[in-house]
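Engineer: need coordinates for the following:
(chains A and B)
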Number of protein chains: 2
Amino acid sequence: MMREKFWQRGKTMRLGGVIGFAIGLMVLPAAAQQQDSIVLRTTGSFYVGGRQVDIQGEPVWQVPLPDGEIQKVDHNGVHAVEQMYVQYLLPQNRKGKLPLLMWHGGGLTGVSYETTPDGREGWLNMFVRKGWDVYVSDAVERGRAGWAMPEVFAGEPVFSSAQTPWVNFRFGDSASWSPDPAQRKPFAGSQFPFEAYDDLLKQLVPRWLTTNDAIMAAYVALIDKVCPCVLLVHSQSGTFGYRAALARPDKIKALVVIEGTLRGDAATAAALKGIPIVVLYGDNVEKSASFSEQRETNMKMAALAKAAGGSIEIINLPERGIKGNTHMMMMDRNNAQVADVIQEWLVAKGLAD
Amino acid sequence: MMREKFWQRGKTMRLGGVIGFAIGLMVLPAAAQQQDSIVLRTTGSFYVGGRQVDIQGEPVWQVPLPDGEIQKVDHNGVHAVEQMYVQYLLPQNRKGKLPLLMWHGGGLTGVSYETTPDGREGWLNMFVRKGWDVYVSDAVERGRAGWAMPEVFAGEPVFSSAQTPWVNFRFGDSASWSPDPAQRKPFAGSQFPFEAYDDLLKQLVPRWLTTNDAIMAAYVALIDKVCPCVLLVHSQSGTFGYRAALARPDKIKALVVIEGTLRGDAATAAALKGIPIVVLYGDNVEKSASFSEQRETNMKMAALAKAAGGSIEIINLPERGIKGNTHMMMMDRNNAQVADVIQEWLVAKGLAD
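Structural biologist: From the prediction side, this is the model:
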C-alpha cells in the first residue's frame, strides 16, 4: 500500500522559510550553579505499565524517500506500547516521609521539572535538596516513554507551534503575541524568563488526543510500584492526579496541583475526603477565560470537599504577595519561592520534617 | 483534507491479540542498590541545536476519531525542530579530565546508559562514580528530543518489534528466536539479563531513516557547547562519533566505540591520527554476518590509522577472558567489568586520574 497522500505532502511541502539555527543559551552548567553539592543514595530510571500488542495482517507500506529509494515499513509483529518512563533521584539526607512523584502537563515531558530553559535549577533539584525522593516521569506517548504506531494510537499527533505557549501558559493574551520577540508584550511583571522562550519551545513534544486512558493506566501502575506517596501534578495531569487518587485513595497521601483541573462531584469529594489537596495559581488568572473557568471549577470542588469533611485548598500566589507567576511556575524566575510555598504546605501536613 | 487511508487503517486495524499487561520487574530502586552515595556538584539538562521552521499554507487535516468526533490537525506556524536533549551528572570528586559524552544507538535513547532493564546500575552511574562529568543525550527525533511533523521529517518512522533486538543486539541467531520466552535459545553464556527482555522492549523508540544529517548537526552543536571531551558512542552512533571527530578534530580527545562502524578512508585516518580511538567487541561476533562485516571494516580502518601514524585499537573482550557480551554490553550482567576495561584505556591515555 502506497501512502501517497502522506508522502506527497512530504514531497510538496512548502516551508514558509527556515528561520535559521536558534542560538542556544551558552550557559555552561558548572558555571550556572553556585550551590551545595547534591548527595544521593542513588539515581536511576525504570519503565512501568504498558502492554504488548501483536499486530498481524497489516500491509507493508512502501514509502518513497526523497532520494528515490523505497522505504518498506512493516508494523507487523509484537510491540511494547503504552509504557511510561520514570527517573528517580534519591537523596542521602531524606526528609520527605514518602516518595514525591512529579507529573508533567500536556505536550510536555518530565523535563518541565529539570533545569529551567534559562539554565537555573528546577523543582526536581530543589525538592531533592529539600530531602524528597523524587520520581519524575514521562507519561505514555511523551519523551522517553516512546509512542506507538497508528494501529495503537488513534487520531493524529498534535504539534504545538511557537505561539501555543504564549496563551496556553498565560505569558500574555493572544493580542500581545508577535513572531518578533522584541514585539511581544507579556503581562506586566511576568516572571517567565522570556529570553529563553526558544529553549522552552524545544521542550514541547507531540501529543495525541486519544490516549488518556493509556496514560492513566500507566500512572496507576507507577503508583502500585512506588507508593504510598505525594503527587505533584501540573496542568493536564491535574485531571490524571485526581483520577489517580480516586483509583488508589489509600496510596496517595497528598495531592499538589499546579493549575490543573479537579474533575469530580460530591461523590468524588467524599471518596477523597481523607487526602489533603492543594491547588496553586499564579498571577493574571482573571485575564484568562480558560484559567478563570478552571479555578471556578476547582473552587466548586473545594466547597464539595469541605461539605464532605475533606480539604481542597486554593492558594492564589498573588494573595501571598508572590506576583507575576505563569502557568509554568516551576520555570519562572522565582521558582524557588513557589517551591517553598509547596514545601511549607507539605510540612504542615506532616509529610516532611 | 481527510486522511482517509490513514484513519481507516486505524479503524480497521486487526490486532492479532493483546498479549496482556507485561509484568514489570518490581524491584524497588532503593532495595536494588548497595553502594556508596553519589555526590554531585549538580545535575541538570538542556537542549542544544535544532532550528525553527515556519510552515505555512498547509491544509488543516480533519481526522475522524473513533468516537465520531473530528480532530483538526493544523501544522501551520513556527516550530522548533531537530533539537537534541542532554542530561548531565557532574560528580564532586572529579577525576576525568574532560567531559564524557555518551551517545546511544539506533532506535534507542540515553536510557541505554541508565539503570539496566533488570534494575542494576548502568554506565551513567558507573562513570559518574569513577569521577567523570557525564553528558547523556537523546539524539534528534528520540526520547526527550521530540520529533517533527512529516513536513520536516521525510519518510515514515520505523517501529522495532519484539524480535528485532534478538538478532540486532546479538542475543542469538534468527533461528533461535521464539515468541515464547521459554523457547528462546540465546548464545551459550550470554550475559544479557533475558528475564528483563520485555523491559528492554519498552526502551525502544521509533526512528526515521532520513534524519542523519539533522542528528549530526545537533551532535556538533553539543560538541561546540561542552567540549573538548571524550566521546563514548554505541552502534549507530559509531558513525556519528567518527563524523563528529572529523568535524571537530580539535575538540574530541578520545573516541570509545561500542560495536559501531568507523566509516572512513586513508584521508580520514590521517585527519584523525591525533585522536586515540578504541572499538570494543563482545562475544559471538563471528556468528553474526553483520557484526563480522562491521569488525572487518574497522580493522581496515585500524590499518589505515596505523599507516597514518594514528591509533585505532580493536578490543575483543573474549580475548581478555571476558565472555558472553552482547551488543548491549552496557546492560549485560558484567557491565561493570566492561566499564573497567574502558576506564583502564582512558587512564592509559592520560584522560583520567
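
Engineer: quick one, helices of chain A?
Structural biologist: A:4-11, A:29-32, A:123-129, A:164-168, A:197-203, A:212-226, A:236-247, A:266-271, A:289-308, A:335-348 (DSSP state H).

Engineer: and the longest one, what does it pack onto?
Structural biologist: Think helix A:289-308. Counting contacts by 3 or more CB pairs under 8 Å, 6 or more residues apart in numbering or on different chains; DSSP states H and E, helix A:289-308 packs against helix A:266-271, strand A:277-281, strand A:312-316. Heads up, the C-betas are built off the backbone N, CA and C, glycines and all.

Engineer: who's in contact with the last one?
Structural biologist: Right, strand A:312-316. Contacting residues not belonging to strand A:312-316 are listed as A:262, A:269, A:276-281, A:285, A:295, A:298-299, A:301-302, A:305-306, A:341, A:345 [CB atoms under 8 Å, 6 or more residues apart in numbering or on different chains].

Engineer: how about that strand as CSV, C-alpha atoms only?
Structural biologist: Taking only C-alpha atoms (Å, rounded to 0.1, in the frame of the first residue of the first chain), the coordinates of strand A:312-316 have been written out as CSV:
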residue,chain,number,x,y,z
ILE,A,312,-9.1,21.2,48.9
GLU,A,313,-7.2,24.5,49.4
ILE,A,314,-6.8,27.0,46.6
ILE,A,315,-3.6,29.1,47.0
ASN,A,316,-3.6,32.2,44.9
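
Engineer: parallel or antiparallel, which strands does that strand pair with?
Structural biologist: Here strand A:312-316 is paired, per DSSP bridges, with strand A:277-281 (parallel).

Engineer: the partner strand to helix A:236-247, inter-axis angle?
Structural biologist: Interaxial angle of strand A:277-281 relative to helix A:236-247 (axes from the mean of the first three to the mean of the last three CA atoms, to 10 degrees): 170 degrees.

Engineer: strand A:277-281 relative to helix A:335-348, how many degrees between them?
Structural biologist: 160 degrees.

Engineer: pLDDT of strand A:277-281, averaged?
Structural biologist: This predicted structure assigns strand A:277-281 an average pLDDT of 98.

Engineer: give the buried residues for it.
Structural biologist: A:277-281 (16 or more other CB atoms under 10 Å in any protein chain shown).

Engineer: chain center to that strand, what's the gap?
Structural biologist: Centroid displacement of strand A:277-281 relative to its chain, using CA atoms, centre = their mean, to the nearest Å, is 16 Å.

Engineer: hmm, who's touching that strand?
Structural biologist: Residues outside strand A:277-281 that contact it (CB under 8 Å, 6+ apart) are A:238, A:245, A:254-260, A:262, A:291, A:295, A:298, A:305, A:310-317, A:329, A:338, A:341-342, A:345.

Engineer: circling back: same list, the helices of chain A, but as TSV with mean pLDDT please.
Structural biologist: Shown next, in TSV, are the helices of chain A (pLDDT from 0 to 100):
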stretch	mean pLDDT
helix A:4-11	32
helix A:29-32	47
helix A:123-129	98
helix A:164-168	94
helix A:197-203	98
helix A:212-226	98
helix A:236-247	97
helix A:266-271	98
helix A:289-308	98
helix A:335-348	98
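
Engineer: need the ones you listed in TSV with mean neighbour count, can you?
Structural biologist: Below are the helices of chain A laid out as TSV (neighbours: other CB atoms under 10 Å in any protein chain shown):
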stretch	mean neighbour count
helix A:4-11	16
helix A:29-32	16
helix A:123-129	25
helix A:164-168	19
helix A:197-203	24
helix A:212-226	20
helix A:236-247	22
helix A:266-271	17
helix A:289-308	16
helix A:335-348	18
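
Engineer: check the stretch 1-150 of chain A for the residue nearest chain B and tell me.
Structural biologist: In the stretch 1-150 of chain A, no residue comes nearer to chain B than A:G77, which is 2.9 Å away by CB to the nearest CB.

Engineer: the stretch 101-250 of chain A now?
Structural biologist: A:S161 (2.9 Å).

Engineer: what about that residue, how many neighbours?
Structural biologist: Neighbourhood size, A:S161 [other CB atoms under 10 Å in any protein chain shown]: 20.

Engineer: A:D36 now?
Structural biologist: Residues lying near A:D36 (other CB under 10 Å) number 9.

Engineer: find the nearest non-adjacent residue to it, please.
Structural biologist: In space, and not counting its chain neighbours, A:D36 is closest to A:R129: 7.6 Å by CB to CB, 6 or more residues apart in numbering or on different chains.

Engineer: isn't A:D353 right up against A:K130?
Structural biologist: No - in this structure, A:D353 is not within contact of A:K130 by CB atoms under 8 Å, at 9.9 Å.

Engineer: what about those two, which has more around it?
Structural biologist: A:K130 (22 against 10).

Engineer: do you know how far that one is from A:L280?
Structural biologist: 17 Å (CB to CB, to the nearest Å).

Engineer: next one: A:V205
Structural biologist: 24 Å.

Engineer: contacting residues for A:K251?
Structural biologist: A:223-224, A:227-229.

Engineer: could you rerun that using 10 Å?
Structural biologist: With contact taken as CB atoms under 10 Å, 6 or more residues apart in numbering or on different chains, A:K251 is in contact with A:98, A:220, A:223-224, A:226-229, A:231, A:244-245, A:275.

Engineer: in space, what's closest to A:C227 - neighbours in sequence excluded?
Structural biologist: Using CB to CB, 6+ apart, the closest residue to A:C227 is A:K251 (4.0 Å).

Engineer: next, that neighbour: phi, psi?
Structural biologist: Note on A:K251: its backbone torsions stand at phi -100, psi -20 [degrees, to the nearest 10].

Engineer: what pLDDT does the model give it?
Structural biologist: 98.

Engineer: residue nearest the middle of chain A, spatially speaking?
Structural biologist: For chain A, the residue nearest the mean C-alpha position is A:H104 (1.6 Å; CA atoms, centre = their mean).

Engineer: so it sits right up against A:Q236, yeah?
Structural biologist: Yes - using CB atoms under 10 Å, A:H104 is in contact with A:Q236, at 8.1 Å.

Engineer: shared neighbours, the two?
Structural biologist: Joint contacts of A:H104 and A:Q236 (CB under 10 Å, 6+ apart) are A:A139.

Engineer: rewinding a little: find me the pLDDT at the spatially closest residue to the residue nearest to the centre of chain A that is not a sequence neighbour, would you?
Structural biologist: Closest residue to A:H104 apart from its sequence neighbours, by CB to CB, 6+ apart: A:S112 at 4.5 Å. If you check A:S112, the pLDDT there is 98.

Engineer: distance check, whichever residue of the stretch 251-353 of chain A sits closest to chain B against A:Q191.
Structural biologist: For the stretch 251-353 of chain A, the residue closest to chain B is A:M331, as judged by CB to the nearest CB, at 12.5 Å. With distances taken as CB to CB, A:M331 is found 9 Å from A:Q191.

Engineer: repeat for A:K253
Structural biologist: Here the criterion is CB to CB. By it, A:K253 lies 30 Å from A:Q191.

Engineer: which one's more surrounded, these two?
Structural biologist: A:Q191 (24 against 21).

Engineer: quick one: contacts for the more buried one?
Structural biologist: Contact analysis of A:Q191 by CB under 10 Å, 6+ apart lists A:282-283, A:317, A:322-326, A:328-329, A:331-335, A:337-338.
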